[in-house]
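Enquirer: return atomic coordinates for the entry below.
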Amino acid sequence: MTASITFFALAIFAGLTMATLHFQGKKIPLALGLGHGSLAATGLVLLLLVVFRQATAGMLAVAAGVFAVTALGGLGLISYALRDRRLPTPLLFLHASLALIGFLLLLSVALTPP
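Expert: Sure thing, here's the model as predicted:
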């Protein structure tokens with residue numbers, strides 16, 4: 001679970017960097033967006049491996065579900081970027097909010113004593 005938290009934390013840092021560029025009106029480098037997506041996808045795969053290995057995943061499964069929905073929003077955002085269109089701010093806020101919720105759920109499980 002620690003590895004997935006690390007990958008998600010790095011993805012969040014990249015996401016905050018991209019959001020800053022977006023709100024400054026600057027173009028987001030494609031490599032940054034692809035790196036962000038790769039970090040988040042790796043975190044999701046690692047989290048799913050933990051979820052599928054546990055008999056009672058509970059809140060971890062909820063966090064994985066939130067991250068999966070977040071990934072769909074990310075795919076929507078990258079479709080705008082690939083077409084050289086400005087990212088829609090509401091979708092960006094939704095994507096970021098879901099990512100934050102998923103991360104906080106994941107942290108709450110990790111920090112809860114067994």
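Enquirer: pLDDT wise, what is Gly25 at?
Expert: Looking at Gly25, its pLDDT is 94.
Enquirer: between the two ends of stretch 46-61, how far is it?
Expert: Stretch 46-61 has an end-to-end distance of 12 Å (criterion: CA to CA, to the nearest Å).
Enquirer: what are the buried residues along it?
Expert: Neighbour counts over stretch 46-61 (16 or more other CB atoms under 10 Å) mark Leu46, Leu47, Leu48, Val50, Val51, Ala57, Leu60, Ala61 as buried. To be clear about C-beta, it is placed using only N, CA and C from the backbone, and glycine gets the same treatment.
Enquirer: out of those residues, which sit inside strands?
Expert: Assignment to strands by DSSP state E places none of these there.
Enquirer: closest one to Gly35 out of the residues you listed, please.
Expert: When the buried residues of stretch 46-61 are ranked by distance to Gly35 (CB to CB), Leu46 comes first, at 16.6 Å.
Enquirer: do I have it right that the closest one meets Ala3?
Expert: Yes - applying CB atoms under 8 Å, one finds Leu46 in contact with Ala3, separated by 5.1 Å.
Enquirer: list residues touching both of those two?
Expert: The contact sets of Leu46 and Ala3 do not overlap (CB atoms under 8 Å, 6 or more residues apart in numbering).
Enquirer: need the three-state assignment for the residue lying closest to Val66 once chain neighbours are set aside.
Expert: Distances taken as CB to CB, 6 or more residues apart in numbering place Gly102 nearest to Val66, at 3.8 Å, with adjacent residues excluded. Secondary structure state of Gly102, per DSSP: H, G, I helix; E, B strand; the rest coil, is helix.
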